[in-house]
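> Next come a sequence and a model predicted from it.
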Amino acid sequence: MTRAIDALYVRYQVTDLAVMERFLRDFGMVPASVAGDGQRLYMRGTGDAPFLYEAVLGETSRFLGAGFSVGSAQDLERLSALPGSGPVQQLDATPGGGMRVRMRMPDGFEIDAVYGAKPAAPLATRDAIAFNTARAKPRVNTAVRIIRQASPVKRLGHFVLHVSDHAASVAWLRERFGLLASDHLATPDAPTHPIGTFLRVDHGDALVDHHCMLVLGTDRPGVHHCSFEVEDVDAVMSAHDFLLERGYMLDCGVGRHLLGSQIFDYWRDPFGFRIEHYTDGDVVNADHEPSIFAGTADQTTQWGAKPPQDFFE
Ligand SMILES: [Fe+2]
């Protein structure tokens, strides 16, 4: 079985790349080493991923897919031989280059496996602002000074898909990328029957994010959101005010999730897609025991903004 190293990027088709670039810059990304050619836009964060977001020009706006890094060229060969997979392709005009196999998940999402991409040189950022709690005061003789501004995003944290067959999609991701269940979602009237699964990459005893994906069974397949990590709470909040000032549409935030525990802030991009800033998510390893959460939608937020009804549709 191939084990994914991490989720690398998401891909969308949109009707105006200039509008998308302006939004993504305000959201905290910058053009990647290969910025695109008028038909494609590649944007990066401050981490070492060559790009986090690809926007492709098209006549309609839609989610295309996502990419995961894998550990060897043999992984690509093996994945390429599976049903629904394309050939191993050499990437010349993509930031970081390397090789890729593009596969079709159930419901048609294009999921890439990438190997051999050259890591980007990380971009300089401010240090995390130390947080003085009631018990411990690590910030000494230093004031907090932050302005309302775009907060650089570091990396893609996760993305969420609505799928027509939850079990089949989880099995597909398990087989192709070795993704493990961190927690499951069920409904109060069928508490032992999972309809959603938070999935993480399998690094054994090493710590990884609680989830790089959530797969949720519904009768309307599509993307729910993608989510990018920022440095700290001040980054979430200063970006929140900045994006409001810029006139963007707030979807839901700020609040703290239940599963994964992230402090979240959801926005709508100019094409209506939901996109999230987050910080302070859970990290887990092989000691983590999956649970089934069978509460109400409201209970998935611990404090802060309650998601609107269409968040759960
Ligand atoms: Fe999220």
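Structure's in. What do you need? Numbers count the residues shown, from 1 in each chain.
> closest point of this protein to the ion, which residue?
Residue nearest to the ion within the chain: Ser227 (4.0 Å; CB to the ion). C-beta coordinates here come from the backbone N, C-alpha and C atoms, glycine included.
> Which of the three states applies to Asp75?
Look at Asp75: counting by DSSP: H, G, I helix; E, B strand; the rest coil, its state is helix.
> Sorry, wrong one. I was asking about His240.
helix.
> wait, isn't it in contact with Asp251?
No: applying CB atoms under 8 Å, one finds His240 not in contact with Asp251, separated by 11.6 Å.
> Neighbour count for those two, which is higher?
Each of His240 and Asp251 has its neighbours counted (other CB atoms under 10 Å); Asp251 has more, 22 against 18.
> How about the residues of the stretch 201-313 of the chain by the ion?
By the rule CB under 5 Å from the ion, the part of the stretch 201-313 of the chain lying against the ion is Ser227, Glu276.
> tell me, what residue is most central in the protein?
Centroid-nearest residue in the chain, with CA atoms, centre = their mean: His158, separated by 2.6 Å.
> from memory it sits against Ser227, does it?
Yes: using CB under 8 Å, His158 is in contact with Ser227, at 5.1 Å.
> Helices of the stretch 151-300 of the chain, start to end?
Taking DSSP state H, counting those that start in this stretch as the test, the helices found in the stretch 151-300 of the chain are 166-177, 233-245.
> Indicate which one of those is closest to Ala7.
With CB to CB as the criterion, Ala7 lies closest to helix 166-177 of the helices of the stretch 151-300 of the chain, at 9.2 Å.
> Quick one: list the elements packing against the closest one.
Here helix 166-177 touches strand 110-115, strand 196-200, strand 213-217, going by 3 or more CB pairs under 8 Å, 6 or more residues apart in numbering; DSSP states H and E.
> pull the CA atoms of the first one into CSV?
Output of strand 110-115 as CSV, limited to C-alpha atoms (Å, rounded to 0.1, in the frame of the first residue of the first chain):
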residue,chain,number,x,y,z
GLU,A,110,-9.2,14.2,-9.8
ILE,A,111,-6.8,13.2,-7.1
ASP,A,112,-3.1,13.4,-7.9
ALA,A,113,-0.1,11.5,-6.5
VAL,A,114,3.1,13.5,-6.8
TYR,A,115,6.7,12.4,-6.3
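> mind checking how far that strand is from the chain centre?
The chain centroid and the centroid of strand 110-115 are separated by 15 Å under CA atoms, centre = their mean, to the nearest Å.
> what's the answer for stretch 293-304, then?
Between the centre of stretch 293-304 and the centre of its chain there are 20 Å (CA atoms, centre = their mean).
> Flag every buried residue along it.
Along stretch 293-304, these residues count as buried under the neighbour rule (16 or more other CB atoms under 10 Å): Phe293, Ala294, Thr300, Thr301.
> Render the CA-only coordinates of it in CSV, please.
Extracted in CSV, the C-alpha atoms of stretch 293-304 (Å, rounded to 0.1, in the frame of the first residue of the first chain):
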residue,chain,number,x,y,z
PHE,A,293,-19.4,11.4,17.2
ALA,A,294,-23.2,11.1,16.9
GLY,A,295,-24.2,14.5,18.0
THR,A,296,-26.0,17.3,16.3
ALA,A,297,-24.4,19.7,13.7
ASP,A,298,-24.5,22.5,16.3
GLN,A,299,-22.4,20.5,18.7
THR,A,300,-19.5,20.3,16.2
THR,A,301,-18.7,24.0,17.2
GLN,A,302,-17.4,24.3,20.8
TRP,A,303,-17.5,28.1,20.9
GLY,A,304,-17.8,31.1,18.6
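> ok, and what's touching it?
183-188, 190-192, 253-259, 261, 263-264, 306-307, 311-312 (CB atoms under 8 Å, 6 or more residues apart in numbering).
> Just the buried ones out of these, please.
The neighbour-count test (16+ other CB under 10 Å) applied to these identifies 183-186, 253-257, 259, 263-264, 307, 311 as buried.
> Find the pair from these with maximum spatial separation.
Farthest pair in the buried ones among the contacts of stretch 293-304 (CB to CB) is Ala186 and Val254. Separation: 27.0 Å.
> since we're on His166, how many residues are nearby?
Using other CB under 10 Å, His166 has 21 neighbouring residues.
> just checking, it touches Leu216?
Yes: counting by CB under 8 Å, His166 touches Leu216, with 7.0 Å between them.
> Distance of Arg104 relative to Ser238?
Computed as CB to CB, to the nearest Å, the Arg104 to Ser238 distance reads 40 Å.
> the more surrounded of these two?
The neighbour count for Arg104 versus Ser238, taken as other CB under 10 Å, is higher for Ser238 (18 against 15).
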